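[1] Okay, predicted coordinates and the sequence, questions at the end:
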Amino acid sequence: MTAAPSPRPEILGIHPYVAGESTVAGVNRTIKLSSNEGAFGVPPGAKMAIAAVTDEVFRYPDGATPTLREALGKRWGLDPARIVCGAGSDDLIYQFCLAYGGPGREIVMSAHGFTIYNIAGTYAGSKVVKVPERDMCADLDAMLAAVSAATRLVFIANPNNPTGSIVGTEALARFRARLPAHVLLVIDSAYAEYVTHADYDAGIALVNATDNTVMTRTFSKVFGLGGMRIGWCYAPPAVVDVLNRVRGPFNVSVAAQAAAVAALAEPGWVEMGKAHNTKYRQVLTDGLRAAGIVVWPSEGNFVMADFGTENRANAADAFLRGRGIIVRKIGGYGLPHCLRITVGPTEDVAAVVDGLTAFVQS
């Protein structure tokens with residue numbers, strides 16, 4: 001028998017990404033709070049836009065996404081020529097790692113940062129350096145100390161998934177200024193629309209001020225289009241040129257582009273989502289703390305509940321699943337003693353508070 005084809009050895013060391021579950025066997029009604037999806041589903045205008053292009057999906061999309069980039073530029077006051085869209089921000093993260101990483105190069109991230117940074121970086125052939133955090137926040141000084149002559153990329157999720165922590169505007173600017181010029185700083189701002197903290201900038205100011213910083217965003221959270229797979233980045237012209245050379249030529253579908261343009265134009269949608277999240281993130285936090293559960297501060301549309309031990313977290317997860325409530329175990333992020341819980345609709349928040357209160361009392 002001949003030998004089977006084999007990948008690079010490091011590929012087999014990658015643990016596959018595990019998405020949030022959607023169903024529990026034997027349960028009639030499932031409450032899914034495992035994937036940080038928007039609390040209100042798909043915007044009405046986006047539904048109409050998707051339906052309107054059904055006769056056009058046999059055609060290839062315009063990979064340059066000009067209409068969507070114009071809409072993004074108008075919404076956020078950005079130059080559309082400095083925007084690149086992808087099949088979710090994950091798609092763009094992969095392209096950054098493949099284009100700027102590779103054998104002999106290093107990528108720096110925080111220990112509890114979004115796991116796709118590690119997967120994409122390893123896939124590209126880079127050495128991924130995970131830096132311990134301080135109080136569930138990125139330790140910027142430690143990350144700087146981890147940067148070497150081989151470092152080419154630094155990823156910071158702001159807010160971070162799954163901890164919910166943020167890096168303040170001035171701290172992030174000082175961090176960028178102290179990084180070597182050859183290092184590309186990627187600020188992943190997937191949850192930017194939910195942030196209420198005064199000391200926060202999604203990354204636009206740093207991108208405008210430097211030629212070695214990029215910001216990624218997504219339509220998967222507050223805009224309710226996770227299933228359409230669409231994200232975007234704002235970047236210096238030279239980085240835009242690189243991305244347009246290597247991205248898939250038709251990486252954003254006809255339906256996704258139409259839905260995203262419509263979602264951006266939905267009156268009051270973001271404001272409604274942010275207001276609901278601000279109120280019920282606090283309701284969820286207060287309810288769990290009242291039950292005696294540690295909850296870390298969060299600026300995302302989720303909270304991270306800390307049960308102290310892995311066994312206790314697993315027991316809490318099993319208890320909730322018995323009630324049809326699915327939250328996210330985050331052992332893959334180095335936090336096996338914690339559960340990440342999405343801020344869902346009002347009744348779902350009440351259900352998870354009631355469920356975990358009953359668990360603590362059981």
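    Now that the structure is in, tell me what you want to look at. These numbers come from a predicted model, not from an experiment. Numbers count the residues shown, from 1 in each chain.

[2] hey, let's count contacts and neighbours off CA atoms from now on
    Noted.

[3] gap between T218 and A157?
    Per CA to CA, to the nearest Å, T218 is found 12 Å from A157.

[4] so what sits against both of those two?
    189-190 (CA atoms under 8 Å, 6 or more residues apart in numbering).

[5] Tell me how far A145 lies from A313.
    Distance from A145 to A313, by CA to CA: 33 Å.

[6] er, I50 I mean
    In this view, I50 and A313 are 40 Å apart by CA to CA.

[7] more neighbours, the two?
    The neighbour comparison of I50 against A313 (other CA atoms under 10 Å) goes to A313, with 22 against 19.

[8] top helix in the protein by residue count?
    helix 269-290 (DSSP state H).

[9] quick one: contacts of that helix?
    The contact list for helix 269-290 (CA under 8 Å, 6+ apart) reads 38-40, 43, 193-196, 222-223, 263, 294-295, 301-303, 305, 343, 346, 349-350, 353, 356-357.

[10] tell me the contacts of the nearest residue to S253 once chain neighbours are set aside?
    Among residues not flanking S253 along the chain, P61 sits closest, at 5.7 Å (CA to CA, 6 or more residues apart in numbering). By CA under 8 Å, 6+ apart, P61 lies in contact with 250, 252-254.

[11] Just the closest of these to R134, please.
    V252 (37.4 Å; CA to CA).

[12] OK, contacts around that closest one?
    61, 63, 65, 85-87, 229-230.

[13] Next up, identify which helix or strand it is on.
    If you go by DSSP states H and E, V252 is not part of any helix or strand.

[14] quick one, phi psi at it?
    Torsion angles at V252 (phi, psi; degrees, to the nearest 10) stand at phi -120, psi 120.

[15] So, low pLDDT: which residues of the stretch 51-200 of the chain?
    Along the stretch 51-200 of the chain, the model assigns pLDDT under 70 to no residue.

[16] For it, which segments count as helices?
    Under the criterion DSSP state H, counting those that start in this stretch, the stretch 51-200 of the chain contains helices at 66-76, 89-100, 115-124, 140-146, 169-178.

[17] With distance to G273 as extra columns, can I get these in JSON lines?
    Formatted as JSON lines, the helices of the stretch 51-200 of the chain follow (distance: least, CA to CA, whole Å):
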{"stretch": "helix 66-76", "distance to G273": "17"}
{"stretch": "helix 89-100", "distance to G273": "20"}
{"stretch": "helix 115-124", "distance to G273": "26"}
{"stretch": "helix 140-146", "distance to G273": "31"}
{"stretch": "helix 169-178", "distance to G273": "23"}
